[in-house]
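Visitor: Kindly return the folded structure for what I paste below:
(chains A and B)
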Amino acid sequence: MRTAAHHSLSWWLLALIPLAFLGLFFLWPLGSVLVHGLFDGGFDVAGTWAVVTSSRTADAVVTTALLASAGTVGSVLLGVPGAYVLYRLRWRGQRAVRAVVAVPFVLPTIVVAAAFSALLGRSGPLGLLGLDQSVAAIIAALVFYNVSVVVRVVGGAWAGLDPATAAAAATLGADRRRVFAHVTLPALVPAIASAASVVFLFCATAFGVVLVLGGTRVRTLETEIYLQVNQFLDLRAAAVLSILQIVFVALALWLSAAARRRRERVLGGRSLDGTRPFVRADAWVAAPVLLTLGVLVAAPMYALVERSLRTLDGHGFDHYMALFGEPGRTVLPVSVAQAAVNSLVTAAIAAAVACVVGQVVAALLTRRSRRSGALDAVVMLPLGVSAVVVGLGMLLTLNRPVLGIDLRGSWWLVAMAQAVVALPLVVRTLVPSARAIDPRLRFAAATLGASPWRVWTRVDWPLLRRAFGLAVGFAFAIALGEFGATTFVARPDRPTLPTAIYRLLGRPGIESIGMAFAAAVVLAAMTAAIMMVSERMRTQVGADL
Amino acid sequence: MNHSTQNAASRAGSAPAGLEVRDVRVVYPGTPPVVAVEGATLSVAPGETVALLGPSGCGKSSLLGAIVGIVPVAAGAILWDGSDVTAVPVHRRGFGLVFQDGQLFPHRSLARNVAFGLEMAGIAREERRARVEELLDLVGLEGYGARAVTELSGGQRQRVALARSLAPRPRLLALDEPLSSLDADLRARLAVDVRDILAAAGTAAIVVTHDPAEAEVMASRVLRMADGRLL
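Guide: So this is what the prediction gives:
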């Protein structure tokens, strides 16, 4: 049994890598947010309570709940018919349309915000609706961002529904409407609930979209944390609000876990083809649904591109050229092109860190056990804490020398914050591939004389390489578009592309705003390119196994 | 091989050469823990092939795993030429294992599958290539070296698995139901082949099987097992 003890020791030694990383850049900052919020130089219930009960806080909580609910309802109302047309029905060109509908979800939030502000702003194509800085604009952006989640999750369930059940109900005398209400819809409820709870979580933690489109008028918990830090310099209030946000997110996560458990129970692992070919009569449903989805996805993107090209006298590439020039000290201390380079460098470091740490975690999680379950839970924690809270925590903690090293304003802290945000997704990408490798393949290598390290390099790594490439792509895209944590940690003189876009959006004048839109188009193109390369990697992974 | 076993035998005095399994017990954790093997004692002489015969779930694969080192031993000892190897990790034990479904490395060609153990042993490229050729010859797959393992039939895969395990000259070869994933016709033919290949290689071997006919063909001695105990 000496070998077992040895194994256990090396497992824990290896686990020190992710635990140290998360401890320093996530758990400690999170802890200091809690301490700051509750104690602040002494246990001060009254001070905490004053923040919790202030009218600003109540306002932010109500707005957060309202926006999240409205965004969820909107996504479901549009997503369920979309799921029917794009997944239950079968028609030519469907795959391309599905891909288009999925595009918004991979866009950085600052790009979505810029696109809606281009569409609804005073000089935008829909400017005369007067929706700028309104709740309706934010809800539309949230639906734009999240509708694809509902379409995909509900569509997957709908495509696997047994059509025989509906046929049976029809033979029992149910007309089409009653078949839908009494047979189809109840069968879809678990999938809808599961998708809705995920969308609710995304909407409740939406930051960039609310900050840009809401301005100072519409404030959620997330943006209120930011405003307290940046405008009122009240770290105490920000910390208390962060605690409220953690509670809020925990509630949303708990709901989503409950919904997922129910869905798994219903699905039960069966898979059958419940799709049917498109017939002419379907056009009455398909046309309005596709039109609505098309307008929702295309209009903001069109407005963004159009306004990035719009100049004082017609259209041209002036704003794109201006990205390379110095915009003037009061707007941005460096050119937007320099900010893009900063972004690429930090995102590359963040992706490398997240993927190396994620790979170690995946290796440790390959064999299921109680300790690997515990590690899994710790690594997934950043998912349950909004990026804004992560950023605030880093600002509070690492703003002083740590172990004799002065981290203050270190530019690579941005990369670490982005790596923390990307890590859970990296782990979720790698672990299934690592678990898909038959453990007996490793035993076969061991009986041929391969030590555990060589088993990893000669068997695991060659089989995981493509999944690793996919994870690198995802992590890079996430880091590139990361806004919530980055705004807190990025130094003003070293902006990333998203923070530069945010700064430019807030400046008056067609020059600044035009540059903001041009920069957003560039960021969207960069993200799309990365996602396309990664997705190619994914299909190759599928072909291999 | 012969030389070294003689040395070991003279050093250990009366200790028998080859494999000796003493009172081995295998327990799988759980509530309650499952005792898969209880008090198993057996020996395999150098060059001998022994079959472990029993119905599925009788613990024969667990016993084989314990001998090779991929299943932890709860009690008892495993010895080779009189020295205790119970605590020696799998990759230093020098026991080969052939799985029921081959478990070939999907990312390596046929030849590079066979070469794996030789690479681990740090054998030079030229010598490695010669040994791979020799083994592909032995299992009747000469000239197939560059093929991808995904292109092979079930029978060919098991031949490759056998060649791969034999390549680094293991002290003992364990075969876990090596033929049961194949169809009946192929099984009968391959059983004879396996016996001849093992005889030609001169390796001590343990074959786990649930088929009495197969056990008779492949092994010189048959041990029966039921409910975790050797009969």
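Visitor: show me what contacts A:Val183?
Guide: A:Thr165, A:Ala166, A:Ala169, A:Ala174 (Cβ atoms under 8 Å, 6 or more residues apart in numbering or on different chains). Glycine gets a C-beta too; all of them are placed from N, C-alpha and C.
Visitor: secondary structure element for the third one?
Guide: Following DSSP states H and E, the helix or strand that holds A:Ala169 is helix A:163-171.
Visitor: so what does that helix touch, helix or strand wise?
Guide: helix A:176-179 (3 or more Cβ pairs under 8 Å, 6 or more residues apart in numbering or on different chains; DSSP states H and E).
Visitor: mind listing what's buried in the helix it packs on?
Guide: Along helix A:176-179, these residues count as buried under the neighbour rule (16 or more other Cβ atoms under 10 Å in any protein chain shown): A:Val179.
Visitor: Show the average pLDDT along that helix.
Guide: Helix A:176-179 shows a mean pLDDT of 84.
Visitor: Where do the strands of chain B begin and end?
Guide: Ranges of strands within chain B are B:19-28, B:34-44, B:49-53, B:75-80, B:83-84, B:95-98, B:172-176, B:204-209, B:221-226, B:229-230, based on DSSP state E.
Visitor: TSV please, covering those and showing distance to chain A, mean pLDDT and mean neighbour count.
Guide: Output for the strands of chain B, formatted as TSV (distance: least, Cβ to the nearest Cβ, whole Å; pLDDT from 0 to 100; neighbours: other Cβ atoms under 10 Å in any protein chain shown):
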stretch	distance to chain A	mean pLDDT	mean neighbour count
strand B:19-28	11	93	18
strand B:34-44	16	92	18
strand B:49-53	17	94	24
strand B:75-80	10	94	18
strand B:83-84	12	92	12
strand B:95-98	4	92	26
strand B:172-176	8	93	24
strand B:204-209	13	93	27
strand B:221-226	21	92	16
strand B:229-230	23	90	18
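Visitor: could you dump the ones you listed to a markdown table with distance to A:Gly325?
Guide: As requested, the strands of chain B are arranged in a markdown table below (distance: least, Cβ to Cβ, whole Å):
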| stretch | distance to A:Gly325 |
| --- | --- |
| strand B:19-28 | 70 |
| strand B:34-44 | 73 |
| strand B:49-53 | 80 |
| strand B:75-80 | 75 |
| strand B:83-84 | 77 |
| strand B:95-98 | 67 |
| strand B:172-176 | 70 |
| strand B:204-209 | 75 |
| strand B:221-226 | 82 |
| strand B:229-230 | 85 |
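Visitor: Just the CA trace of stretch A:153-164, in PDB.
Guide: Presented in PDB, the C-alpha positions along stretch A:153-164 are these (Å, rounded to 0.1, in the frame of the first residue of the first chain):
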ATOM      1  CA  VAL A 153     -30.800  23.900 -25.400                       C
ATOM      2  CA  VAL A 154     -34.500  23.800 -26.200                       C
ATOM      3  CA  GLY A 155     -33.800  22.900 -29.800                       C
ATOM      4  CA  GLY A 156     -31.700  19.900 -28.800                       C
ATOM      5  CA  ALA A 157     -34.500  18.600 -26.500                       C
ATOM      6  CA  TRP A 158     -37.100  19.300 -29.200                       C
ATOM      7  CA  ALA A 159     -35.200  17.500 -31.900                       C
ATOM      8  CA  GLY A 160     -35.100  14.400 -29.600                       C
ATOM      9  CA  LEU A 161     -38.800  14.300 -28.700                       C
ATOM     10  CA  ASP A 162     -40.600  11.200 -29.900                       C
ATOM     11  CA  PRO A 163     -43.100  12.200 -32.600                       C
ATOM     12  CA  ALA A 164     -45.100   9.100 -31.800                       C
END
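Visitor: residue with max distance from the center of chain B?
Guide: Here chain B reaches farthest from its C-alpha mean at B:Thr31, the gap being 31.3 Å by Cα atoms, centre = their mean.
Visitor: any idea of the mean pLDDT in stretch A:202-219?
Guide: Mean predicted confidence for stretch A:202-219 is 88.
Visitor: in it, what's buried?
Guide: A:202-214, A:218-219.
Visitor: ok, of these, which one's closest to A:Gly325?
Guide: Nearest to A:Gly325, judged by Cβ to Cβ, of the buried residues of stretch A:202-219 is A:Val212 at 23.6 Å.
Visitor: My read is that that closest one contacts A:Val111, right?
Guide: No: taking contacts as Cβ atoms under 8 Å, A:Val212 lies outside contact range of A:Val111: 10.4 Å.
Visitor: Sweet, I'm off.
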